[in-house]
Structure formats: structure tokens, C-alpha cells
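*Asks:* No sequence on hand, only this structure:
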């Protein structure tokens, strides 16, 4: 056989293989196009899981196509499956970092998974590429808030209020940013000078907001004795007088305020505050070095927060409005009012997990355990290892005398987060009810810092007694009796109530 016919046959065979490959590739392209169209229709119809399944099939043919990974991640995210969405979105941005929608979904998925630190970078890329993307700006602000980077969060929410001045979530976020920064500033003031009259002045301001005028007045007068030249005290006392219906006394204090006006060349932060230029006050005290600077910074940030929340109140009813009201009620130890506001928020946003979580906590504090249990069960079905939910559920079971059911949940809560002191206190009480004093002791000991009425010391004394530790039992019982005497003195009929007195 000659070489020529052999070469001809080999060439013919190669051509045939090439043609088969071309036809196969063409069929694959056609099939993928058909699948892509079906996936697009499924996404448009809200059938996100179906769309995700189709995208997975297409990806088997095109595993390095960034857009397909992005579409798969978006479908999983919109199907409320953030954990399943994450790998696809990460792969998409690895293959093509310029895919802005993939970066946006990646950031929001990290937020859904409670990983704000990981969310920041992709969201910053989106905002950097498109500063007008309000969804990305809001998500970035939320991530920064969760990380307690309050200054940066405020900047993002200010950007959002400028772009969307009628947005409730923008004003709520801005108020929460200022509020968080004020809380941190006050915490730093307390840490550096815990017994300072400046601390008393901030506490007095909070008491006024809570309507506790006589208590606030007492603190103002004590601080005034320690800081007679501090600007603003006369005005604060005048406001208390006005609230209490003593306009003539208020006029006297305001006259004294005018007579002792501050020197604005030396006390610029105080002057800015008294002129209600709270933004400038905050700027002037960005890096406090003195207790006075922390004081003015805290007050300015509190006022900025109130201003933002006041703007929110003027907008139409919204989820954010009710959520803010609920948070204020919680801070003021009014759980029933918090429950009311959270239920109103859930009317506008049914089944929103964050709101349901807050409602479960408020119901627990309101001691409405029967209403709370089904909500906690629902939330635990989606987040079975969440320590706070395990505590709420176990604690409610304990309060409803279901001790055997409560213990496993409380044990899991403590195992997941040993710093959850409320869970340790509840677990200690549960072990005592089960007759296991030895198991109760370490949990009761760990929770003693929260004992305000002596009940934990009493339980601990009983536990020590049952485990043959009489000396420790006597010491715990003495501590219980001391706390109880103090509580009785503070609430007894002979206790002198603070009064508002004239200038």
C-alpha cells in the first residue's frame, strides 16, 4: 500500500473527527442558549430555585464563565439561600472582579450571613464604581454600623440622606450611627473618669428624656456644685424647670446663663453646642483628650441622633420608624411598648427575621413566654446554632416550668457562647431545679455580676450548702442579705424622693 492513500485516509478521518466536534459544540451552544432562556424566564417569574438548577447545568459545560457563576449566586441569594449563594458569587468575582452586580450580591450575602467584615470590601468596590447606587451605599453603611465604625457609617448614611431625603432607612441608619458613636464616647468617658461630674451630666440628660425630672434635677445641681463655670448647666436646669411647669424659675436660670456666657476663644466646642451647631461640636472633639471634650462630644452626637430620628418621625409610617421606636422602648425598659412597635413593623414586613428576633427578645423581657416560644422555634429552624435564640427558647421553657426541655437548649447556648451571662444564670437555675447543685455552681458563679436583687447569691448559697461547702454558703448568704437590705432601703416607704427646688 502506497503512503499517499494512507495519508489521505488519515486526513479524511481527522476531518470527520473535526466535523463531529464542531457539530457537538454547536449542539452544546444551542442547548445552553435554550437553558439560559429558561433560566431567565424562571428568574423573571420568581422561580429562583428552578433558575439556580438550570444555571448549575449550564456551568457544567462552561465552568469558567464568570457571568454564569454570578447568575447562579444571584438566584440562590434571591431564593433566600445565602450560604449556597456565597461560593458562586466568590467564584464570579475571582474570574471577573469588574462584575459590579456580583460584588453587590456578594456584599449583601455576607451581611445576610452576619459577616460584615467580609462584606465591606465588595461593597466599597460597588460604591467606588457607582456612588449613586443607593442599595450598595445602604448595605455598606449597615456593614460599617455592625463593625462599630460609626464615623464611616454616618458618612455613608449622610450620603444616602442627600440622595434620597425621603428614605426612612437612610434617616434610621444615620440616627443609629450617631447613637452608636455617642454610646461609645460616653463609655470612654466612664472608663477614664467614672466618678466625674461630667458622667452625672450625661446621665441627667438621659433621665430628662425618660421624664424623670426630679432625679435629673438632683444630678444637675450636684454637677453644678462641682463645675460651677461649665457652660450649659444653667440652660439644662432651666429646661427641667420648664418641663416641670416652673416658668419663673426657668427664667431666673436663663438670666444666670446669660451672665456667665462662655469665652468662645477658649471653649469653642461648648459655644458650638450652645449655638446648636452639633456637627461642628463633633468635629472639634474628634479625638477627645479630656473629660470635658468627651462630654461635649457625647452630647453633640446624641443631639444629632435625635435630629435624624425626628426627621424619620416626620416621614410616612415605615418599618424603620417602628423599629427605632421599639429600640428606644427597650432602652427605657418598656418591653410591652417594644412588642407593640415590633408587631407594627412586622405588619409592614411580614416574616422579616431580624424583626422577629427582636420581637422574641422583647416578648421574653415582657415575660410573655407563650407568645415567644413559637417565634423562637421558627427562628431556630433557620439558625439552629444561634446562641441568643437558644437562650431565649431555653429560658422561656424554664420560665414555663419545662425544665427538662430547657436544659439541652441552655447548655448549647452556653457551649456556643460562654460569655452569654443570662444563659449561664438560667442554666444554673435549671440545674438547681433538677437537683444537680454541683453542675449549677460554676454557672451561678459566672453570672453573679448580673445579680441585682440577690436571687443568684441565694441560689448559690443553697448550692454550696447541698455540696457540703458551709463557709462559702455563709458568705453567699451574707451577700444575698446585704443586697436585699439595699434594695429594701431604696424602695422602702422611708426613702426620700428627689425634689425640684427653686433657684
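*Replies:* Received the coordinates, thanks. Computed from a predicted structure; not experimentally measured.

*Asks:* C-alpha only now, for contacts and for neighbours.
*Replies:* Fine.

*Asks:* Look up how far residue 177 lies from the residue nearest the centre of the chain.
*Replies:* Among the residues of the chain, the one closest to the centroid is residue 146, at 6.1 Å (C-alpha atoms, centre = their mean). Distance of residue 146 to residue 177, given as C-alpha to C-alpha, to the nearest Å: 10 Å.

*Asks:* cool, residue 235 as well?
*Replies:* Relative to residue 177, and taking C-alpha to C-alpha, residue 235 is found at 27 Å.

*Asks:* thinking again about what came up before, how about the residue nearest to the centre of the chain, what does it touch?
*Replies:* residue 116 (C-alpha atoms under 8 Å, 6 or more residues apart in numbering).

*Asks:* what about residue 235 and residue 177, which has more around it?
*Replies:* Neighbours per residue (other C-alpha atoms under 10 Å) separate residue 235 from residue 177, with residue 177 holding more: 31 against 19.

*Asks:* can you list the domain ranges for this structure.
*Replies:* With domains defined by automatic domain parsing, the chain comprises 31-147, 181-314, 385-489.

*Asks:* Mind checking these for the one nearest to residue 342?
*Replies:* domain 181-314 (15.7 Å; C-alpha to C-alpha).

*Asks:* what's the distance between that closest one and the middle of its chain?
*Replies:* Remark: domain 181-314 is offset 26 Å from the chain centroid, using C-alpha atoms, centre = their mean, to the nearest Å.

*Asks:* for stretch 413-422, same thing?
*Replies:* On C-alpha atoms, centre = their mean, the centre of stretch 413-422 falls 18 Å from that of its chain.

*Asks:* Could you do stretch 431-442 as well?
*Replies:* With C-alpha atoms, centre = their mean as the basis, stretch 431-442 stands 34 Å off its chain's centre.

*Asks:* Buried residues of that stretch, list them for me.
*Replies:* Within stretch 431-442, the residues that count as buried by 16 or more other C-alpha atoms under 10 Å are 431-432, 436-437, 439-441.

*Asks:* which residues touch it?
*Replies:* 403, 407, 427-430, 459-460, 463-464, 466-467.

*Asks:* can you give me the end-to-end distance of it?
*Replies:* Stretch 431-442 end-to-end distance (C-alpha to C-alpha) = 11 Å.

*Asks:* Equivalent analysis for stretch 78-86, please.
*Replies:* Per C-alpha to C-alpha, stretch 78-86 runs 12 Å from first to last residue.

*Asks:* again, but for stretch 163-173
*Replies:* End to end - C-alpha to C-alpha - stretch 163-173 spans 14 Å.

*Asks:* Give me the mean pLDDT for that stretch.
*Replies:* Stretch 163-173 shows a mean pLDDT of 96.

*Asks:* just stretch 71-89 next, same as before
*Replies:* 92.

*Asks:* ok, back up a step: TSV please, covering the domains of the chain and showing distance to residue 372.
*Replies:* Shown next, in TSV, are the domains of the chain (distance: least, C-alpha to C-alpha, whole Å):
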stretch	distance to residue 372
domain 31-147	23
domain 181-314	27
domain 385-489	8
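
*Asks:* Residue 353: which of those is closest?
*Replies:* That would be domain 31-147 among the domains of the chain, by C-alpha to C-alpha, at 10.3 Å.

*Asks:* Inside strands: which ones of the buried residues of stretch 431-442?
*Replies:* Assigned to strands by DSSP state E, none of the buried residues of stretch 431-442 qualify.

*Asks:* Pick out whichever of those residues sits closest to residue 76.
*Replies:* Using C-alpha to C-alpha, residue 431 is the member of these that sits closest to residue 76, with 43.0 Å.

*Asks:* Next one, pLDDT for that closest one please.
*Replies:* 95.

*Asks:* got it, and residue 121?
*Replies:* 97.

*Asks:* what sits against it?
*Replies:* residue 107.

*Asks:* Give me the secondary structure label for it.
*Replies:* Secondary structure state of residue 121, per DSSP: H, G, I helix; E, B strand; the rest coil, is helix.

*Asks:* next one: residue 367
*Replies:* Applying three-state DSSP: residue 367 is coil.

*Asks:* Could you give the backbone dihedrals for it?
*Replies:* phi 60, psi 30 (degrees, to the nearest 10).

*Asks:* And the helices in the stretch 101-250 of the chain?
*Replies:* Applying DSSP state H, counting those that start in this stretch to the stretch 101-250 of the chain gives helices spanning 116-129, 134-146, 150-163, 168-192, 197-209, 213-226, 233-243, 247-259.

*Asks:* How many residues are close by residue 310?
*Replies:* Neighbours of residue 310 (other C-alpha under 10 Å): 15.

*Asks:* In the helix or strand it falls within, which of the residues would be classed as buried?
*Replies:* Using DSSP states H and E, residue 310 sits within helix 291-314. By 16+ other C-alpha under 10 Å, the buried positions in helix 291-314 come out as 291-309, 311-313.

*Asks:* got the angle between the helix or strand following that helix and helix 291-314?
*Replies:* Downstream of helix 291-314, the first helix or strand assigned by DSSP H and E is helix 319-331. Interaxial angle, helix 319-331 versus helix 291-314 (axes from the mean of the first three to the mean of the last three C-alpha atoms, to 10 degrees): 130 degrees.

*Asks:* So residue 289 versus residue 296, what's the distance?
*Replies:* Residue 289 is 12 Å from residue 296, by C-alpha to C-alpha.

*Asks:* residue ranges with poor pLDDT in this structure?
*Replies:* For the chain, residues meeting the criterion pLDDT under 70 lie at 1-32, 490-496.

*Asks:* Apply 80 and report the result again.
*Replies:* For the chain, applying pLDDT under 80 flags the ranges 1-33, 36, 39, 261-263, 265-267, 288, 487-497.
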